[in-house]
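> Return a 3D structure for these sequence lines:
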Amino acid sequence: MERFTISLDSELAKEFDALIAERGYGNRSEAVRDIIRGQLEAWRLAHDEAPHCVANLSYVYNHHERDLAERLTALQHDHHDLTVATMHAHLDHENCFEAAFLRGPTAAVKKFAEAMMAERGVRHGKLNLVAVEIDQRHAHGYKPRGHGGNQHVHLKPAR
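Okay, here's the model as predicted:
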């Protein structure tokens with residue numbers, strides 16, 4: 001662990017301490033680490049330094065919009081390699097909220113999310129990306145003779 005010292009004017013320190021208290025941090029160091037991680041994450045994503053990601057795409061849409069639910073479902077099926085799961089909630093008689101959990105190459109996830117949000121009738125779309133690193137490939141469980149077993153990729157958040 002490395003240490004460094006920063007100087008803040010008293011008004012900025014007061015505001016920072018209020019933020020720390022509101023968010024429930026135990027101390028300034030924990031808060032500063034989270035702020036730095038957030039900025040590094042944004043930098044990686046802005047500079048294409050995050051080749052893989054996990055993401056949440058959330059959006060609101062009017063389910064009375066002609067064929068919109070079917071179009072959204074078809075897009076998800078067309079990108080089944082990126083779509084892990086979806087959650088659907090009814091907001092009122094017309095509007096639905098959906099959250100799609102995604103993973104894969106960052107460029108492909110962004111392109112898919114943009115296509116979903118561009119569908120006529122989709123409103124309030126938001127994509128939250130988290131850069132990940134591919135940890136390793138390995139098998140789990142029973143391996144029948146001549147078979148490699150259940151192969152899958154482990155993803156871990158980028159530091």
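
> Buried ones in whichever strand in the chain runs longest, by neighbour count?
Criterion DSSP state E: the longest strand present in the chain is strand 122-140. By 16 or more other CB atoms under 10 Å, the buried positions in strand 122-140 come out as V122, G125, L127, L129, V130, A131, V132. All C-beta atoms are positioned from the backbone trio N, CA, C, and that covers glycine.

> I'd like these laid out as JSON lines, including pLDDT and distance to H93.
JSON lines is the format used below for the buried residues of strand 122-140 (pLDDT from 0 to 100; distance: CB to CB, whole Å):
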{"residue": "V122", "pLDDT": "95", "distance to H93": "18"}
{"residue": "G125", "pLDDT": "95", "distance to H93": "21"}
{"residue": "L127", "pLDDT": "95", "distance to H93": "27"}
{"residue": "L129", "pLDDT": "90", "distance to H93": "33"}
{"residue": "V130", "pLDDT": "89", "distance to H93": "34"}
{"residue": "A131", "pLDDT": "87", "distance to H93": "39"}
{"residue": "V132", "pLDDT": "87", "distance to H93": "39"}
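
> Can I get the longest strand of the chain as PDB, trimmed to CA atoms?
In PDB, the C-alpha atoms belonging to strand 122-140 read as follows (Å, rounded to 0.1, in the frame of the first residue of the first chain):
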ATOM      1  CA  VAL A 122     -37.600   3.500 -26.100                       C
ATOM      2  CA  ARG A 123     -37.000   6.400 -23.700                       C
ATOM      3  CA  HIS A 124     -34.700   7.100 -20.800                       C
ATOM      4  CA  GLY A 125     -32.000   4.600 -21.900                       C
ATOM      5  CA  LYS A 126     -28.800   4.400 -19.900                       C
ATOM      6  CA  LEU A 127     -25.800   2.100 -20.100                       C
ATOM      7  CA  ASN A 128     -23.500   1.500 -17.200                       C
ATOM      8  CA  LEU A 129     -20.300  -0.300 -18.100                       C
ATOM      9  CA  VAL A 130     -17.800  -1.900 -15.800                       C
ATOM     10  CA  ALA A 131     -14.400  -2.900 -17.300                       C
ATOM     11  CA  VAL A 132     -13.400  -6.500 -16.600                       C
ATOM     12  CA  GLU A 133     -10.400  -8.700 -17.300                       C
ATOM     13  CA  ILE A 134     -10.600 -12.200 -18.400                       C
ATOM     14  CA  ASP A 135      -9.200 -14.200 -15.500                       C
ATOM     15  CA  GLN A 136      -8.700 -17.700 -16.900                       C
ATOM     16  CA  ARG A 137     -10.400 -20.600 -18.600                       C
ATOM     17  CA  HIS A 138     -10.900 -23.800 -16.700                       C
ATOM     18  CA  ALA A 139     -13.300 -26.700 -16.300                       C
ATOM     19  CA  HIS A 140     -15.600 -27.400 -13.400                       C
END
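
> Right, I'll call it a day here.
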